[in-house]
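Novice: just coords:
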């Protein structure tokens, strides 16, 4: 039975009862957006909804991240549930849930969430601004801010210590802290309000709406309809890229495609100054199958995507070679040592990746021809992007 309230949701995430299906994309929110979410909670704003699918069927899943490192491309560890092992899979709202979990139970770039307990005053502030000063800090950073306030009163404390205060004792705890800081009446009122808000923030049931699919164990929605729900709720989001959605659909049949492509991208970029992406590799795999590379068109037919997933696996190793070779050729033969060369994107490289995946052992004279071809194709691509009359498209279906 799903327990309501933020505290219960976080506990069930910690226990592995609420998890992410394999088709979910990576976490993409930055620390600024997480801080704004906590500001909304403290101001008692509603923060949206999450949709959870209760299922006892066998599913591949991964746990929500506790510690986010924005400098590292995440590599997912998937688990497989057993039959009749009831879990809640997040169909929509994983960015919010992960943000809450990180803010209250985890870290972002090795820093915990801290709150200035003297912030929150709305005087002379725009409603669109953040009233509460939330930051990810190390303990020494927080101490330095507290000691060097430059004339402005501020005092940062770990958010997790504040939300774990019993609400019945929050007022007394605030008065004790106010005495230590030597606050006047206005400052004491401000810190008391902040303490009480923090102590009660996880106990409320209204801030985050929870929508459940199949909470009745005697009625199970077919997997095809669950997939359609996922596609529809995620297609409306501005943040979700069509490539993320395509990856999610492919993952249903090609179970390891996301970690495989993550590992491939890390491998081809290692020791090189280029920043080839998962989407670049995915487009080259689609081209190898003579498929449409406009992600928005592909995701509109997930039955076709299921069939396509079975075929992409066969080209993975040859495409890996195809992406490793351009990096070497560009650096060794073309003297290109900066990602800025590709300021218009990597689409011009795609036909050469496909060619090199089938011709890995080129003599020096042919390698120089490849470099010349890349220069010409890239310049043509840039001219098309700059032209007011030429097509400006991100796909490379015409190669």
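Specialist: Arrived safely, thanks for sending. Quantities reported herein were computed from a predicted structural model and do not represent experimental measurements.
Novice: Could you give the secondary structure assignment for residue 113?
Specialist: Per DSSP: H, G, I helix; E, B strand; the rest coil, the secondary structure class of residue 113 is strand.
Novice: Check the burial of it by counting its neighbours.
Specialist: Residue 113 has 25 neighbouring residues, counting by other Cβ atoms under 10 Å. C-beta coordinates here come from the backbone N, C-alpha and C atoms, glycine included.
Novice: Over to the one 5 residues further on?
Specialist: Counted with other Cβ under 10 Å, residues neighbouring residue 118 total 21.
Novice: For it, report the pLDDT, please.
Specialist: For residue 118, the model assigns a pLDDT of 95.
Novice: Now do the helices in the stretch 51-200 of the chain.
Specialist: 94-105, 139-147, 159-163, 170-181, 185-200 (DSSP state H, counting those that start in this stretch).
Novice: Between those helices, which one is closest to residue 314.
Specialist: With Cβ to Cβ, the closest approach to residue 314 among these belongs to helix 94-105: 31.0 Å.
Novice: looking only at pLDDT, what's the mean for the closest one?
Specialist: In this model, helix 94-105 has a mean pLDDT of 96.
Novice: same question, stretch 234-248
Specialist: Here the average pLDDT along stretch 234-248 is 63.
Novice: cool, stretch 132-140 as well?
Specialist: 97.
Novice: Contacts only, for residue 116.
Specialist: 132, 133, 134, 135, 154, 155, 156 (Cβ atoms under 8 Å, 6 or more residues apart in numbering).
Novice: Repeat that for residue 67.
Specialist: The neighbours of residue 67, taking Cβ under 8 Å, 6+ apart as the test, are 102, 106, 107, 108, 110.
Novice: Can you go through those residues and name the buried ones?
Specialist: 102, 106, 107, 108 (16 or more other Cβ atoms under 10 Å).
Novice: can you list contacts of stretch 42-49?
Specialist: Contacts of stretch 42-49 (Cβ under 8 Å, 6+ apart): 37, 40-41, 92-93, 96, 115, 120, 131-132, 194, 197-198, 201, 206-211.
Novice: let's go with 10 Å and repeat that
Specialist: Stretch 42-49 is contacted from outside by 6, 36-41, 92-93, 95-96, 99-100, 115, 119-120, 122, 127, 130-132, 134, 159, 193-194, 197-198, 200-201, 204, 206-211, 233, using Cβ atoms under 10 Å, 6 or more residues apart in numbering.
Novice: Show me where this structure dips below the pLDDT cut-off.
Specialist: Low-confidence segments of the chain, defined by pLDDT under 70: 149-151, 216-218, 235-242, 252-253, 255, 344, 381-382, 384-399.
Novice: Using the record's assignment, carve it into domains.
Specialist: Per the record, the chain has its domains at 6-200, 241-386, by automatic domain parsing.
Novice: mind checking the longest helix of this protein?
Specialist: When the chain is parsed with DSSP state H, its longest helix is helix 364-386.
Novice: For residue 225, the count of nearby residues, please.
Specialist: 11.
Novice: how far away is it from residue 61?
Specialist: 19 Å (Cβ to Cβ, to the nearest Å).
Novice: among the contacts of residue 116, which ones are buried?
Specialist: Neighbour counting by 16+ other Cβ under 10 Å classes 132, 133, 134, 135, 155, 156 among the contacts of residue 116 as buried.
Novice: does the fourth one have beta-bridge partners, and which?
Specialist: In this case it means residue 135. Residue 135 has these beta-bridge partners by DSSP bridges: residue 114.
Novice: Pull the contacting residues for it.
Specialist: Taking Cβ under 10 Å, 6+ apart, we find residue 135 in contact with 31-32, 35, 108, 111-116, 141-142, 145, 156, 159.
Novice: what ranges do the strands span in this structure?
Specialist: Secondary structure of the chain, counting by DSSP state E: strands at 18-21, 49-55, 60-62, 67-68, 79-80, 87-92, 107-108, 112-116, 134-137, 156-158, 209-213.
Novice: With distance to residue 342 as extra columns, can I get the ones you listed in TSV?
Specialist: What follows is those, written out as TSV (distance: least, Cβ to Cβ, whole Å):
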stretch	distance to residue 342
strand 18-21	32
strand 49-55	38
strand 60-62	31
strand 67-68	28
strand 79-80	37
strand 87-92	34
strand 107-108	30
strand 112-116	36
strand 134-137	32
strand 156-158	41
strand 209-213	42
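Novice: Reformat the domains of the chain as CSV; add distance to residue 219.
Specialist: Shown next, in CSV, are these (distance: least, Cβ to Cβ, whole Å):
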stretch, distance to residue 219
domain 6-200, 11
domain 241-386, 22
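Novice: Find the residue closest to residue 229 in space, skipping its chain neighbours.
Specialist: Of all residues not flanking residue 229 in the chain, residue 91 sits nearest, at 6.1 Å (Cβ to Cβ, 6 or more residues apart in numbering).
Novice: how near is the one you found to residue 244?
Specialist: 14 Å.
Novice: likewise residue 360?
Specialist: From residue 360 to residue 244 the distance is 31 Å (Cβ to Cβ).
Novice: out of these two, which sits in the busier spot?
Specialist: Neighbour totals were compared for residue 360 and residue 244, and residue 244 leads with 22 against 11 (other Cβ under 10 Å).
Novice: That concludes my questions; thank you for your assistance.
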